[in-house]
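**Student:** When you get a sec, could you give me coordinates for this:
(one chain, ligands or ions: 1)
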Amino acid sequence: MFPDLDQLRAEALQELERVQTREALEAWRIRFLGRKAPLMQAFGRLGSLPAETRREMGRRLNALREELTQAYETKAQALEQAELERELAARWDVTLPGRPVSPGGLHPTTLTIRKIVQVFAEMGFQVFRSREVELDEYNFQLLNIPPHHPARDMQDTFYVDTGTEDDVPPVVLRTHTSPGQIHAMRYFSSLNPDDPPPIRVVLPGMCFRYEQITARSEIQFTQVEGLVVGRHVRFSDLKGTLSDWARRMFGPNVRTRFRASHFPFTEPSAEMDVECFLCGGKGCPVCKYTGWLEILGCGMVHPEVLRNGGYDPERYTGFAFGMGPERITMLLYRIQDIRYFWANDLRFLEQFA
Ligand code: DAH
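**Tutor:** Below you'll find the model as predicted:
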């Protein structure tokens, strides 16, 4: 029997349509064009046909074999092409433009603190850190701030709720870095209570005040405190150290001046101004046409404070200072509003990256 060639053709082409892989194609070839395929077997049986139909059948068999072989070749090429394209797609396209990465940056306050501390480090100061949550005693009493001093006002201080018991000492978020002075002195004097070592430290850190937030005041800000204690430390050491620091910080020709002031923990007390580095002292809106910028508070450590730190004021003297990195950053970059520092607006922060 000869197969129905029309049906065989239809089936073969339909099956070929479904072929997706080289393996499936090879299976198809064996099934329809292999030695045992019905079409190929039919060639062997041509001799059994009468001469009138043999010729015609041979021609049809040949034509179908030819057509299927053609279809096979075309399919093989298509598969190869598809495979190549898949492979190319999986490769890196080195001509694609890169995706921009956005690296983080340090906060402007951090940059200023680092610069301040770096300059003091060059001058022989160590960094001493202490807690942001303080005993009221350290934040005020031991710094010679009496119970009714205005700085202790409820308006200015965040008190920490420590529970209902009355015998728990009051706890505050520190309103300045000055309590670090007591921690530093107590630490160093504990090393050798009879003959405490000299101290030269800076104390950077976060401070908190319960205030109305405005363009000029925030409830959270940083300070950098400084403390020097030793034998024969004098006011001229304070002036020399801070003037030198100002020149290293703001420029070698910058002038400084000291004005008398008052702080409970220093006596005498002063404030240091630097010549306006924006107008060079000629007068501009930033220095309010005075030619000077107020940079820090300072003074000789009060004898009572030295004693509270374990240093005998008969044998030791010292000076201290405190400054606001946000304020210094605002002056350096002409930032008009302190609220930018905590607003986390990338348009502001990215300018310092
Ligand atoms: N603690 C002061 C404040 O928060 C700043 C200050 C002034 C610190 C004078 C000092 C100093 O160490 O000597 O305003």
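
**Student:** anything in stretch 249-263 near the ligand?
**Tutor:** Yes: counting by CB under 6 Å from any ligand atom, the ligand is contacted by stretch 249-263 at Phe263. For glycine as for every other residue, the C-beta is placed from the backbone atoms N, C-alpha and C.

**Student:** Need the CA coordinates for that stretch. PDB is fine.
**Tutor:** Coordinates of each C-alpha in stretch 249-263 appear next as PDB, following Å, rounded to 0.1, in the frame of the first residue of the first chain:
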ATOM      1  CA  MET A 249      39.900  77.400  60.100                       C
ATOM      2  CA  PHE A 250      39.000  80.500  58.200                       C
ATOM      3  CA  GLY A 251      42.200  81.800  56.600                       C
ATOM      4  CA  PRO A 252      45.700  82.800  57.600                       C
ATOM      5  CA  ASN A 253      45.000  86.500  57.600                       C
ATOM      6  CA  VAL A 254      41.700  86.500  59.500                       C
ATOM      7  CA  ARG A 255      41.700  88.800  62.500                       C
ATOM      8  CA  THR A 256      40.000  88.000  65.800                       C
ATOM      9  CA  ARG A 257      38.700  90.000  68.700                       C
ATOM     10  CA  PHE A 258      37.500  89.200  72.200                       C
ATOM     11  CA  ARG A 259      34.600  90.900  74.000                       C
ATOM     12  CA  ALA A 260      33.700  90.500  77.600                       C
ATOM     13  CA  SER A 261      30.700  88.300  78.300                       C
ATOM     14  CA  HIS A 262      29.100  86.200  81.000                       C
ATOM     15  CA  PHE A 263      28.700  82.500  81.500                       C
END
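
**Student:** and stretch 223-239, anywhere near the ligand?
**Tutor:** Yes: applying CB under 6 Å from any ligand atom, one finds stretch 223-239 touching the ligand at Glu225.

**Student:** Please point out which parts of that stretch sit buried.
**Tutor:** Using 16 or more other CB atoms under 10 Å as the test for burial, stretch 223-239 gives Gln223, Val224, Glu225, Gly226, Leu227, Val228, Val229, Gly230, Val233, Asp237, Leu238, Lys239.

**Student:** So for that stretch, first residue to last residue, what's the gap.
**Tutor:** In stretch 223-239, first residue to last residue: 20 Å (CA to CA, to the nearest Å).

**Student:** tell me the mean pLDDT for the helix or strand containing Leu227?
**Tutor:** Remark: Leu227 resides in strand 220-230, with elements defined by DSSP states H and E. Taken as a whole, strand 220-230 carries a mean pLDDT of 97.

**Student:** tell me which residues of stretch 293-305 are tucked away?
**Tutor:** Buried positions in stretch 293-305, judged by neighbour count with 16+ other CB under 10 Å: Leu293, Glu294, Ile295, Leu296, Gly297, Cys298, Gly299, Met300, Val301, His302, Pro303, Val305.

**Student:** Which strands or helices does the strand holding Leu227 pack on?
**Tutor:** Using 3 or more CB pairs under 8 Å, 6 or more residues apart in numbering; DSSP states H and E, the elements in contact with strand 220-230 are helix 108-122, helix 179-191, strand 199-208, helix 235-250, strand 317-323, helix 325-333.

**Student:** ok, now with 6 Å
**Tutor:** helix 179-191, strand 199-208, strand 317-323 (3 or more CB pairs under 6 Å, 6 or more residues apart in numbering; DSSP states H and E).
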